[in-house]
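Student: Here's a sequence, model it:
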Amino acid sequence: MIHKLRLNKEPFDSIKSGMKTIEMRLYDEKRQMIRVGDKIEFALRDDETQTILCAVKELTTYKNFEELYLNNDKVALGYKPNEVASSDDMNQFYSIQEQKQYGVVAIKVQLI
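Tutor: From the prediction side, this is the model:
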């Protein structure tokens with residue numbers, strides 16, 4: 001199965017370069033459909049004609065983004081080595097209430 005997700009420019013470019021290998025999302029109904037072995041087509045939010053195809057290698061669920069950040073390498077999450085990684089960066093997209101309701105997922109991907 002191929003899932004379609006949109007990304008802003010920075011995470012899109014980071015996955016495209018092979019640096020970012022973990023996509024973080026709310027584990028809502030849409031993301032609960034993703035399985036290891038599936039493919040994800042990431043589209044650039046500002047120009048959806050630009051896409052990247054990745055294979056899903058691993059799915060790990062967490063209670064919230066704070067827990068996810070504590071258990072994953074910041075470079076794999078899309079941060080540069082000299083940047084500070086903070087779960088607050090994801091809290092602007094998904095509320096604490098949504099995280100309590102659904103949990104979150106780290107989707108390990110590999111470029112195809």
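Student: worst-scoring helix or strand of the protein, pLDDT-wise?
Tutor: Within the chain, confidence by mean pLDDT, DSSP states H and E is lowest for helix 88-91 among all helices and strands, at a mean of 94.
Student: Can you pull out the residues in contact with it?
Tutor: 24, 65, 68, 104 (C-beta atoms under 8 Å, 6 or more residues apart in numbering). In this view, the C-beta of every residue, glycine as well, is placed from N, C-alpha and C.
Student: so can I have a markdown table of these showing secondary structure?
Tutor: As requested, the contacts of helix 88-91 are exported to a markdown table (DSSP: H, G, I helix; E, B strand; the rest coil):
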| residue | secondary structure |
| --- | --- |
| 24 | strand |
| 65 | helix |
| 68 | helix |
| 104 | strand |
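Student: which residues pair with the most centrally placed residue in the chain across the strands?
Tutor: When the chain is reduced to its mean C-alpha position, the closest residue under C-alpha atoms, centre = their mean turns out to be residue 23, at 1.6 Å. Residue 23 has these beta-bridge partners by DSSP bridges: residue 107.
Student: Grab the longest strand from the protein for me.
Tutor: Selection of the longest strand in the chain by residue count, based on DSSP state E, yields strand 47-62.
Student: what does that strand contact?
Tutor: Around strand 47-62, the neighbours that count as contacts under C-beta under 8 Å, 6+ apart are 2, 6, 12, 15-16, 27, 34-44, 68, 71, 103-112.
Student: From those, which land in helices?
Tutor: 12, 15, 16, 68 (DSSP state H).
Student: Report the two of the residues you listed separated the most.
Tutor: Taking C-beta to C-beta, the two most distant members of the ones in helices among the contacts of strand 47-62 are 16 and 68; they sit 22.1 Å apart.
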